[in-house]
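Enquirer: I'd like to go over a predicted model; first the sequence, then the structure.
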Amino acid sequence: GRLRSSRAPHIATLDGNNPKLTAYRVARLTVLATHAARVMSRDQIMVELKGHDLEAFDRSIDGHISRIRSHIEDEPKKPRRILTIRGTGYVFAKQQD
């Protein structure tokens, strides 16, 4: 679609432009995109990124997802690419309208 991401060299493009995402956020985006249409818990995302679970009550993923949305969503308050599955985690939508 309109969004592309790569773990190496940590680059994301949206409509051919580079949103201002840190390498760390591109890595998170890439993890979600690699598992498109699959709900991933915060722990699953961290295991993919760092090889270990989150510390207890670590909600830093939520802040990073919010910042990623602000750069890649047409309407960040109404996300269509990265969706929150309440009480479970996040899912990267396979297709957007």
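Expert: That came through, no problem. Numbers count the residues shown, from 1 in each chain.
Enquirer: all helices of the protein, in order?
Expert: Along the chain, counting by DSSP state H, helices occupy 23-34, 42-50, 60-72.
Enquirer: Residue 91 is nearest to which of those helices?
Expert: Of all the helices of the chain, it is helix 23-34 that lies closest to residue 91, at 7.5 Å by Cβ to Cβ. The way it works is simple: take the backbone N, C-alpha and C, and place the C-beta from them, glycine included.
Enquirer: Which of the helices of the chain has the lowest mean pLDDT?
Expert: The weakest mean pLDDT among the helices of the chain belongs to helix 42-50, with a mean of 86.
Enquirer: Quick one: work out the angle between that one and helix 23-34.
Expert: Angle of helix 42-50 versus helix 23-34, following axes from the mean of the first three to the mean of the last three Cα atoms, to 10 degrees, is 120 degrees.
Enquirer: Just name whatever secondary elements helix 42-50 is in contact with.
Expert: Other elements packing on helix 42-50 under the criterion 3 or more Cβ pairs under 8 Å, 6 or more residues apart in numbering; DSSP states H and E are helix 23-34, helix 60-72, strand 89-92.
Enquirer: in that helix, what's buried?
Expert: By neighbour count on 16 or more other Cβ atoms under 10 Å, the buried set for helix 42-50 is 42, 44-46, 48.
Enquirer: quick check, nearest of those to residue 89?
Expert: Nearest to residue 89 among the buried residues of helix 42-50: residue 42, at 5.9 Å, using Cβ to Cβ.
Enquirer: what separates the spatially most central residue of the chain from residue 87, distance-wise?
Expert: Taking Cα atoms, centre = their mean as the criterion, residue 29 is the residue nearest the geometric centre of the chain, at 3.3 Å. Separation of residue 29 from residue 87 (Cβ to Cβ, to the nearest Å): 22 Å.
Enquirer: go on, residue 24?
Expert: Distance, residue 24 to residue 87, using Cβ to Cβ: 25 Å.
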